[in-house]
Structure formats: C-alpha cells, structure tokens
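# The sequence isn't on hand, but the structure is:
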RNA sequence: CGGGGUGUGGCGCAGUUGGUUAGCGCGCUGCGUUUGGGACGCAGAGGUCCCCGGUUCGAGUCCGGGCACCCCGACCA
C-alpha cells in the first residue's frame, strides 16, 4: 500500500520510529495490547538476522532444538534470583481443556529452567560435555509499556544454552558467543556495538555475570542488542545437572545462556534510519536492489522492459535480492520515495535513454539526493552492483561508527560534568566502582544506568577514582539513557 | 501502576450557541490520459460518530459511567 512520508527524525524521534515501522510495512499493532504483527517485509528482515546468526551458531558447534512453550510453575521457583527477576512479568495458564490445572503452567519468559531439566537427563559423563544447544522460539514477558520490536509482550528470539565441565570452558563459551553477536552486528547489521560486562545490578536474574553488546541509536540512547550470560553453577545446582569427571567424581556443570531477539530489528532501524525513513545494510536488506522501469508511451515499453528483464535475470542469477517495481498506477517519482522510505540500499532506474545509451541510473540510499545518483554502463552491471552494495554496507557502518564516536565522551573530571554529558543525551565513559549505591544515584539523577564495562578498556592496567563516589575503581564503564 | 491527551469511512482530520441528507484531504474501485523525483480527469464505493445509560421534540455535539489507544514518568531482551 502506498504511503506518504514519515515524521522527520529531527522533529520527533519516537514518532519517526513508529511511523517508519508501520509505513515501511515492518509491523502492525495487534488486537492484543502489547503484542505485534510482524508483516512480511519486517519478517524478511528478521529472517536475515536469524540466518546470519544461525550459520554462525552452527559454525561454532551448536545444534538447534526445540523445547516446550509451557513450563511447570515449580521449575521457575527452583533458582531463587531467577524467580524473583521474572515473577512480575509471567503469564500463567491455570485452566486447560476447561478444567483447572493441578499445577499452573508458565508461558516461558526464557527457557533456562526447562532446558536445565532436560540437560539433567542428558548429561552423565564429562564425555557428554560440552553440550551446545540453541533454540529459536517465542517468549512472553508481561510488559506494561511496549514499543514495536523494542519491547513487546511476546517476542521472537534465539536462546543458546550450553553446559560445560569447567568454569573456564563456560566463560570461554560466554565470551565466544558475545563475539559472535558482535561479529554479526558489525559485519552484517553494520551496527558498531560495544562488547562489555554488565554491572551486578544490571545482570540477568540467576547469572554470575552478564555480558552485552551495546549500540547507540540515532537519538543517542543505548540499546542492548544482545546478551550472553555466565550462569556459573546456579542452574546446574537448581536442576541437578551433574556429570562424572575423569576421576569418577560427581560434579555440577557450568552453564551459559545467550540471546538475541527481534529487538535487533529495532536496532537496525534506529541505527541507520534518516529523515526519509529506513536505510538497510545490504547484507540484511530484504530487497537489495529495486529496479524502476520508466517509459513514456507504449512504443517505449517493450524495449525498456526487455532491458529490465534481462538485467533482473542477471542480478538474480548472481544471488542479488532484486525486485522490479512494475506497479503501473504509480509514477516513478512516487516509487523513488516509496523505496527510499523502505530503506532499499540501491535503486536502478531504466528508461528509454538508458536503452539507447546502454546505461542505467543507480541511486544509493546512503547518499541522499543527486550526489548519490550515477549513470553506469549496462556492461558488467552485476559487478558494478555488487561493488556498490559492498560500498554501501561499509559506508553505513562508517557513518554509524562516526555518529557513535562523536556522541560518547570519556569523563573523569567531575560528577557534574558526567551528569552534563548524560543529560545532553550522550554517553559517558567513566571510572566506576560498580557499586549498587552509585548506580542508584546515577539513575536517580539522570534516569541513566551503566551499560557495561567495555572489554576493551581505554586505559588497561590503570585504576582510577569512581566518578560517583570517588572510591577505588579498576574499570571504566559506559553510562547512558537506554531503551 | 501514577500524570496528560485522544476516540468521527482504511489513514489524517473538520463538524459553530444541540437542529434535520455527517463533511474534507489522502487512500480505495472502474475507465481514459500520463510516467527520468511524491501525475491528472471523469465516474463510483465506503459510516453501529468507541461502548452503555441519561437529559431533550431532537445528541457526533450536553451529563454520568465504562472501555480502548497514544504521550510522559516508576520496572525490563
């Protein structure tokens, strides 16, 4: 369905986001409050995320499996912190088949517990380890305040769950998967994420430590785009996941879990989008090239469409996701705007002049207006297109990196300066003791929290004074307002 | 869950001190002309005015009560 433009990003970022998501046909509201309908174009984008992650999981030795949507309520209660963390947002089924259930069933908010139960059955010896499982699933968390893709009551994600013989192995896995997420985010989604460890306050309920990749949106806010948890032996003990080691001694496993959700789609939208709408990195774009045929009268239609069809076939054969916009009720100008709003990286215009001159017009989405438009030969068009797509992919990452770098500041001068940076809508990188009281104070003063202690510390080996309490700090952390 | 706002064709809105056939723009359908940056003409279709109750000769409009959604704050991938 044709739509007019979106609210300019500069005018109202929230509305821009809502507009883009709906007008670019990514998603729609549902009759159930807080849930969403993912439309085909949005789902294709999610599929690109899914596929990009899935092969990486398999490459690192993981297998997919599927566990039940319903979890016995008692399972959730086995790990103390875990219950406490999730209790407020659980959906619970108490009636089935018209009868009250003996034990209520929780609709999974995450699957550590039921997978823990299964692992306990599957693991006996150190020879069964490591056990590397992933599942693609939907989960439900009863959220009060929702936003399409960023926070909905039901969302799609993948959750990896692994069990290891030693803490060293489990931690290595935790970090390996964080790296996989960063690799996907940077190289496929063109989002320059920061890998780091969450503070104790911000970690997953039931984890020893949580790690995240943090991304900066175009409004300066932070978005956690993926998390990886070192669960220690907490769930192993709660679910009795034990194995016999080489010396025939019974030991508890060390487990991990890690997840990326449809929130990644929101991250892509808010990292690259501009005034006119979406801008999609070629590697995840459902449509990489859109061809808009242009012809004036019937006599021109034949030759133009011959060229269009030939080039379409060539591009498609080369594995490029290409679409021909042959809607005959819309003018070319309308189509240009329409596809720009939808974020298609490269537009190809083919008209009578191009047929005559053996050329096509190429317009790249990452460079607005005429500056991004060029006329190229039809000879070697596949190579030209592949080259431009690579270039756009790199350019979007570069633009996002530049934006992010220019909106984060290392602050070690004073707490007042630190507050100024955060209230100015930017990120502060400061020495932080990690204390709960300090974290609470920042939240109180700015509504921001720590995002993570980056793995790559700016001053490795050095120590400093916590920007909040002045106490000893051996790491710096990012602070920002977040989604 | 607190504060503010909005409910009128698919979408965005107008609708006066209550007054009879509820309008406008976009979109949609048909035909024709158009087509290199958001085309145009003609002819059409499409409405329980969020719901329930009340006041009145008469309610989209006034009153009471619900419900839904949106925005801003406390909790979260």
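Thanks, I have it. Fair warning: this is a prediction, and the values are worked out from it, not measured in the lab.
# Report how many residues lie close to residue A:455.
14 (other C-beta atoms under 10 Å). Backbone N, C-alpha and C define where each C-beta goes, glycine included.
# so what's it closest to, chain neighbours aside?
Spatial nearest neighbour of residue A:455, chain neighbours left out: residue A:195 (4.9 Å); criterion: C-beta to C-beta, 6 or more residues apart in numbering.
# Please list all residues in contact with the one you found.
A:178, A:179, A:182, A:211, A:212, A:213, A:452, A:454, A:455, A:456 (C-beta atoms under 8 Å, 6 or more residues apart in numbering).
# what about burial for these, which qualify?
Listed as buried from the contacts of residue A:195 are A:178, A:179, A:182, A:211, A:212, A:213, A:452, A:454; burial here means 16 or more other C-beta atoms under 10 Å.
# Now pLDDT too, for those, in CSV please.
Formatted as CSV, the buried ones among the contacts of residue A:195 follow (pLDDT from 0 to 100):
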residue, pLDDT
A:178, 98
A:179, 98
A:182, 98
A:211, 97
A:212, 96
A:213, 97
A:452, 96
A:454, 97
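# can you narrow those to ones near RNA strand B?
Under the cut-off given by C-beta under 7 Å from any atom of the strand, RNA strand B has residue A:212 from those close to it.
# so of the buried ones among the contacts of residue A:195, which ones are in helices?
Among the buried ones among the contacts of residue A:195, DSSP state H puts A:178, A:179, A:182 in helices.
# Now flag whichever of those residues is closest to RNA strand B.
Closest approach between those and RNA strand B, by C-beta to the nearest atom of the strand: residue A:178, at 12.0 Å.
# Setting the sequence-adjacent residues aside, check what's closest to that closest one.
residue A:228 (4.2 Å).
# The helix or strand hosting the one you found - what's its average pLDDT?
According to DSSP states H and E, residue A:228 maps onto strand A:222-230. Averaged across strand A:222-230, the pLDDT comes to 95.
# and that strand, what does it pack onto?
Other elements packing on strand A:222-230 under the criterion 3 or more C-beta pairs under 8 Å, 6 or more residues apart in numbering; DSSP states H and E are helix A:167-187, strand A:209-216, strand A:254-261, helix A:263-272.
# which parts of the helix or strand following it are buried?
For strand A:222-230, the following helix or strand on the C-terminal side (DSSP H and E) is helix A:234-239. Across helix A:234-239, burial judged by 16+ other C-beta under 10 Å covers A:234, A:235, A:236, A:238, A:239.
# gap between helix A:234-239 and the chain center?
Computed by C-alpha atoms, centre = their mean, to the nearest Å, the separation of helix A:234-239 from the middle of its chain amounts to 29 Å.
# who touches the closest residue to residue A:409 other than its chain neighbours in this structure?
Spatially, and ignoring its direct neighbours in sequence, residue A:409 is nearest to residue A:421 (5.1 Å; C-beta to C-beta, 6+ apart). By C-beta under 8 Å, 6+ apart, the contact list for residue A:421 reads A:409, A:411, A:427, A:428.
# likewise residue A:324?
Residues near residue A:324 by C-beta under 8 Å, 6+ apart: A:290, A:291, A:293, A:308, A:309, A:312.
# Check the spacing between the residue positioned nearest the centre of chain A and residue A:277 real quick.
Closest to where the C-alpha atoms of chain A average out (C-alpha atoms, centre = their mean) is residue A:264, at 1.9 Å. Separation of residue A:264 from residue A:277 (C-beta to C-beta, to the nearest Å): 19 Å.
# Kindly report the same for residue A:142.
To residue A:277, residue A:142 is 32 Å away according to C-beta to C-beta.
# Please apply the same query to residue A:185.
Taking C-beta to C-beta, one finds residue A:185 at 21 Å from residue A:277.
# ok, those two, which is more surrounded?
A count of neighbours by other C-beta under 10 Å puts residue A:185 above the other of residue A:185 and residue A:277, at 28 against 25.
# these two touch, right, the more buried one and residue A:194?
No. Using C-beta atoms under 8 Å, residue A:185 is not in contact with residue A:194, being 10.0 Å away.
# Spit out the residues that contact the two alike.
A:213, A:215.
# shouldn't the residue nearest to residue A:178 be in contact with residue A:172?
No. Using C-beta under 8 Å, residue A:228 is not in contact with residue A:172, being 11.3 Å away.
# between those two, who's got more neighbours?
More crowded of residue A:228 and residue A:172, by other C-beta under 10 Å: residue A:228, with 29 against 15.
# Relative to residue A:53, how far out is that one?
Separation of residue A:228 from residue A:53 (C-beta to C-beta): 12 Å.
# Now do the shared contacts for the two.
Common neighbours of residue A:228 and residue A:53, using C-beta under 8 Å, 6+ apart, are residue A:181.
# any idea which helix or strand carries the residue of chain A most remote from its centre?
Within chain A, residue A:299 marks the point farthest from the mean C-alpha position, 48.1 Å out by C-alpha atoms, centre = their mean. Per DSSP H and E, residue A:299 falls inside helix A:298-317.
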